[in-house]
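[1] Dropping a prediction and its sequence here:
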Amino acid sequence: MKLIHTSDWHFGMPLGTDSYEESQRYFLEQLYELIRRENVEAVLCAGDIYDSSVTNADAVNLFNETAEKLCMDLKVKFILIAGNHDSAARLASCRELLKASGMYVTGRLSRDISPVLLDEGKTAVYCLPYFTRDEAAALFPEKKGDIRSQEDAAMVICDHIRAAMDPSRRNIVMSHAFIVDAELSDSDRSAKIGYAAAVSKDVFEGFDYVALGHIHKPQQIAPHIRYSGSPLKYSFGAEESHEKGVVLIDTEAMEQRFVVLPMLRDRLTVTGTYDELIANENLRDCYLRLHVTDRYAGLELQAELRERFPYLIELIGKSAAAGEELSTLSVEELEKLDDSDIMIRFFEENYQTTPTAEQIELFRTALEETLQEVDLG
Ligand SMILES: [Mn+2]
């Protein structure tokens, strides 16, 4: 039997004033195609279905459509757990009813971790949603004294599963967790805040496969432990070089293979002069971070570039890094500038020109008159 392991869809993630929905739908089409081609029987999604616990209506619609497509049209089992970005209670609403349709949602962790059985009981999927140490301690009061860290909590829970597990089955555990050795990217915001919530891979000893979510870079932690990674590049930096896709698992021989799925739009940072950048036609359809080396990053430049590059997300102008003048000033630096200096900088940043002596003189006169009026008033 074949399974797909995926995670971190982050439906509803904002993209400026827009969203990633178009790209997420493109990913889903690739996913459906793979399910048909490989005759897949179940899709495991290891958390962070949504980007926010109070997600928007568009994201909820997308999720509903996806669940219907998977369970009713493609007739696959859809097994999912809540990640730290999801609302466990909202995600798991109607969970008992949904089981009849082949959808198995685990929102909050409970003590009764009975598996979802697949392939006439030959494969068991244990679902471990995102949990905190305190939640685990409350569920296992007899072990409370042993649970001092996230690692202890995960060990207690996995021991609990291992004690009841049938070794004649293929035993798969799906978990939204941060493994100590995992490699991070900039979209793993919450994972980066301290390593306190990280666990070692040792807690997952004894399972045939561990389907992880949480970290956005696809990676194999151990022969039987993998992060599928997010389907899209959700950040600049290291994530720009990731290949995105899903893990395809054949439970007969427990073979796993990462299947790269094409993305609607690539994501990249490009550095160059204004003229170099606007001459590059290949960038039009990409999510972009542009570093313009010969202009200040004002609103006007941003509007101008966005006409040419509709998916421009971030703009960096010339700065001290290139040995030039700073395009942003600290308060201290600002205090050292006189009024004319500020006006000159304003001109440079917004219009990419230096004001003429005449313009500077006009400005001085206007400013003096205004100040006098203020004094008189
Ligand atoms: Mn995530």
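    Structure's in. What do you need? What you are looking at is a predicted structure, and each value in this text was computed from that prediction instead of being measured.

[2] Show me what secondary structure element comes after whichever strand or helix holds Glu307.
    Counting by DSSP states H and E, the secondary-structure element that holds Glu307 is helix 299-308. Counting by DSSP H and E, the element after helix 299-308 in chain order, helix or strand, is strand 312-316.

[3] now what about that following strand, what contacts it?
    Contact with strand 312-316 is made by 15-16, 236, 287-292, 297, 301-302, 305-306, as judged by Cβ atoms under 8 Å, 6 or more residues apart in numbering. In short, each C-beta sits where N, CA and C put it, glycine included.

[4] between that strand and helix 299-308, how big is the angle?
    Here the directions of strand 312-316 and helix 299-308 differ by 140 degrees (axes from the mean of the first three to the mean of the last three Cα atoms, to 10 degrees).

[5] Mind listing the strands strand 312-316 pairs with, and their directions?
    Sheet pairing here is set by DSSP bridges, and for strand 312-316 it gives strand 287-292 (parallel).

[6] can you pull out the helices in the stretch 251-377 of the chain?
    Using DSSP state H, counting those that start in this stretch, the helices assigned to the stretch 251-377 of the chain run over residues 274-279, 299-308, 331-336, 339-351, 357-376.

[7] I'd like to know which elements the second one is packed against.
    Helix 299-308 makes packing contacts with helix 274-279, strand 287-292, strand 312-316, helix 339-351 when contacts are defined by 3 or more Cβ pairs under 8 Å, 6 or more residues apart in numbering; DSSP states H and E.

[8] Which residues in the first one does the neighbour count mark as buried?
    For helix 274-279, burial by neighbour count (16 or more other Cβ atoms under 10 Å) applies to 274, 277-278.

[9] now, which of those residues sits nearest the ion?
    Of all those, Leu277 has the smallest distance to the ion: 31.1 Å, by Cβ to the ion.

[10] gap between the closest residue in space to Val180 that isn't next to it in sequence and the ion?
    Spatially, and ignoring its direct neighbours in sequence, Val180 is nearest to Ala198 (4.7 Å; Cβ to Cβ, 6 or more residues apart in numbering). The span separating Ala198 from the ion equals 15 Å under the rule Cβ to the ion, to the nearest Å.

[11] go on, Ser19?
    Using Cβ to the ion, one obtains 16 Å as the distance from Ser19 to the ion.

[12] how distant is stretch 221-240 from the center of its chain?
    The gap between where stretch 221-240 is centred and where its chain is centred comes out at 9 Å by Cα atoms, centre = their mean, to the nearest Å.

[13] ok, now stretch 273-283?
    For stretch 273-283, the separation from the chain centroid amounts to 28 Å (computed by Cα atoms, centre = their mean).

[14] quick one: contacts of it?
    The list of residues contacting stretch 273-283 from outside it, by Cβ under 8 Å, 6+ apart, reads 268, 270, 272, 290, 292-295, 301, 305, 308-309.
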